[in-house]
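*Asks:* sequence first, predicted model second:
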Amino acid sequence: MLLAATANSAPPLPAPEAADLILTNGRVYTVEEGAPWAEAVAIKDGRILAVGSVAKIAKRKGAKTRVVDLHGRFLMPAFGDAHAHPIFGGMSHARCSLHAGKTLDDYRRIIAACVAKAPGTGTIFGSGFNQTLFPPNGIPNKQLLDDISKDRALIFESDGHTLWVNSKALELAGITKDTPDPKNGTIDRDPKTGEPVGGLEESAMALVDKLVPPPTDQDLQGAISYTVRFFNSMGITSWHDAAVEWDKGGTSRAIEAYKAVSDRGELTMHTAMDLRWNNERGIEQMADILKLSARAKEIGLTANGVKFFIDGVIPQQTAAMLAPYEGSTVKGAPQIAAATLAEAVTSLDGRGMQSHFHTIGDAAVREALDAVAAARAKDGKTDTRPMISHMNVIDPADQPRFAKLDVTAIFQPLWACNEPYMDLTKVQIGPVRSTYIYPAGSVLRAGGRLAYGADWSVASANPLEGIEVALTRVAPEGNLPPLEANEAVTLAQALRAYTLNVAYVNHLDKQTGSIAPGKSADLIVLDQDLFKIPARQIHATKVLLTLFQGRAVHGSLGSVGG
């Protein structure tokens, strides 16, 4: 009797903590390996309180809990983007944007309208032209621009590697047939006369810098705010800014613009930043980089990475290749000496900082891997999470090195399909190397890690389009054969590369990227279940709701349930 009385007098277990919000009766894909599926999620104070069955999560309902019935809709972690250019992209849409143009006639109409809207003699600057409209090698010609205006400079950027300019811009910049190509750059010329034709490659773009009005602080802030809203609308709540500009002495208007946007409560995005390595300087710039990184941390931002631009692009033969381009003796040259790169990466690694590399050609990929190997040899496997981006071609000998060196491969999945730009690439590298184009599947099979990023605004930032191409190696709504179909990945692998692995390279995998208790409630609801539709229909899926830290930043809770 005494034992029974003691047992009956034990205090009751405390009630489970009540949630602010419950999303229930959904198809919940968590991206957690041990428990990938659930039915409901409880959220409190912007974080995930619990994940599980409808019955389990119902116990988290309190007097003030809002319950939203998803009616079977697909819920998953919000997307991330491991390689974006938020300021450049936002500015490119704010100025004379060619992104909507599909033909040269479209460009002619858009540019003429921009000129008409801005009377005077100042430069018209814009972005977004498609190099494939300038066959056979993607080099733009000044004639179309000259037909629009001979009296004012017209300057347009394509992908961060090529400018298209008119004769007036060349004249004002003092560029003639006698102007030498700058180091790591090319002035595109007529092969017979030597006259500039209107294309400026790589460092040659800087020859017209003085003609482009610099953006104001308000322009920079507006670009960030625009991109945040745009990315949120596509279900993205985490990005890696892949090249933040800064000035000698260790100051950055871009970082200060981020602070201003954050202070206004408009930065509804987990953000990591790379400071751009200046290829014209040496290791002495490290002092400025450390100063800037410390400044970012002081104001609540993360700029713990450095972006190295090792080479250019394949159609113009500025990408660094291990063997010459087809029918040529040119291989393309790295823009950073291997010894300098290895020294810089080792210095960063020793300070716990991240290295991020732009590499297009197989020689550039190898140089980046070699630099990481040098750092690993000195420091061991530190948790610096180096990243290599683009990798249009990876030599088979280097594909297993991503796993060995613990380097994340950052692919732009939307590029991995047969389309006009791919034709320019294949012509330059030939049939053998064309079998190594974007070898995502091979890197994974060798034990490597993938994270996806769009390189926006160079390409569409829509992750659903990227996922479809990652699975099919065919352009959305395209009808050409798959590009190396054996390099396709599974849906689960693609979703991880757009969520948890982006969080990983941002050093935020404990805070976001999957649906697990304690993590930020960064979630999206889609209008289709990605696991129940044909892969060729994924691009048509719509994001109905985006939550960032439990708050709707696109759509509304009412739009997805009661």
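*Replies:* Cool, got the structure.

*Asks:* list the strands paired with the helix or strand hosting residue 187, with their directions.
*Replies:* Assigned by DSSP states H and E, residue 187 falls within strand 185-189. Partner strands and pairing direction for strand 185-189 (DSSP bridges) are strand 196-202 (antiparallel).

*Asks:* give me the mean pLDDT for the strand holding residue 187.
*Replies:* Mean pLDDT, computed over strand 185-189, is 93.

*Asks:* in which helix or strand does the nearest residue in space to residue 250 that is not next to it in sequence reside?
*Replies:* For residue 250, ignoring the flanking residues on the chain, the nearest one in space by Cβ to Cβ, 6 or more residues apart in numbering is residue 291 at 3.4 Å. In this view, the C-beta of every residue, glycine as well, is placed from N, C-alpha and C. Using DSSP H and E, residue 291 sits in helix 286-298.

*Asks:* apart from its neighbours in sequence, what residue is nearest the residue positioned nearest the centre of the chain?
*Replies:* Geometric centre of the chain, nearest residue: residue 83, 2.1 Å, by Cα atoms, centre = their mean. Among residues not flanking residue 83 along the chain, residue 453 sits closest, at 2.9 Å (Cβ to Cβ, 6+ apart).

*Asks:* wait, that neighbour sits on residue 86?
*Replies:* No - between residue 453 and residue 86 there is no contact under Cβ atoms under 8 Å: 11.5 Å.

*Asks:* quick one: common contacting residues for the two?
*Replies:* residue 239 (Cβ atoms under 8 Å, 6 or more residues apart in numbering).

*Asks:* burial measure for the nearest residue to residue 290 once chain neighbours are set aside, as a count.
*Replies:* Among residues not flanking residue 290 along the chain, residue 351 sits closest, at 7.3 Å (Cβ to Cβ, 6+ apart). Using other Cβ atoms under 10 Å, residue 351 is surrounded by 15 other residues.

*Asks:* begin at 739, not 1, for the rest of this chat.
*Replies:* Let's use 739 as the start, then, which means that last one is residue 1089.

*Asks:* backbone phi and psi for residue 1089, please?
*Replies:* phi -100, psi 10 (degrees, to the nearest 10).

*Asks:* and for residue 776?
*Replies:* phi -150, psi -180.

*Asks:* which helix or strand contains the residue nearest to it when sequence neighbours are not counted?
*Replies:* In space, and not counting its chain neighbours, residue 776 is closest to residue 766: 4.1 Å by Cβ to Cβ, 6+ apart. For residue 766, the enclosing helix or strand under DSSP H and E is strand 765-767.

*Asks:* then residue 997?
*Replies:* Going by DSSP H and E, residue 997 is in helix 991-1001.

*Asks:* so which elements touch the helix or strand just after that helix?
*Replies:* Next in sequence after helix 991-1001, counting helices and strands by DSSP H and E, comes strand 1008-1014. Helices and strands touching strand 1008-1014, by 3 or more Cβ pairs under 8 Å, 6 or more residues apart in numbering; DSSP states H and E, are strand 974-982, helix 991-1001, helix 1024-1036, strand 1043-1047.

*Asks:* got the contact list for the third one?
*Replies:* Identification of contacts with helix 1024-1036 by Cβ under 8 Å, 6+ apart yields 984, 986-990, 993, 1011, 1013, 1040-1042, 1044, 1082, 1085-1086, 1089, 1091.

*Asks:* what about 6 Å?
*Replies:* 984, 988, 990, 993, 1013, 1041-1042, 1085 (Cβ atoms under 6 Å, 6 or more residues apart in numbering).

*Asks:* make a ChimeraX selection of the buried ones in those.
*Replies:* Applying 16 or more other Cβ atoms under 10 Å to the contacts of helix 1024-1036 leaves a buried subset, and the ChimeraX line that selects it is:
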select :984,988,990,993,1013,1041,1042,1085
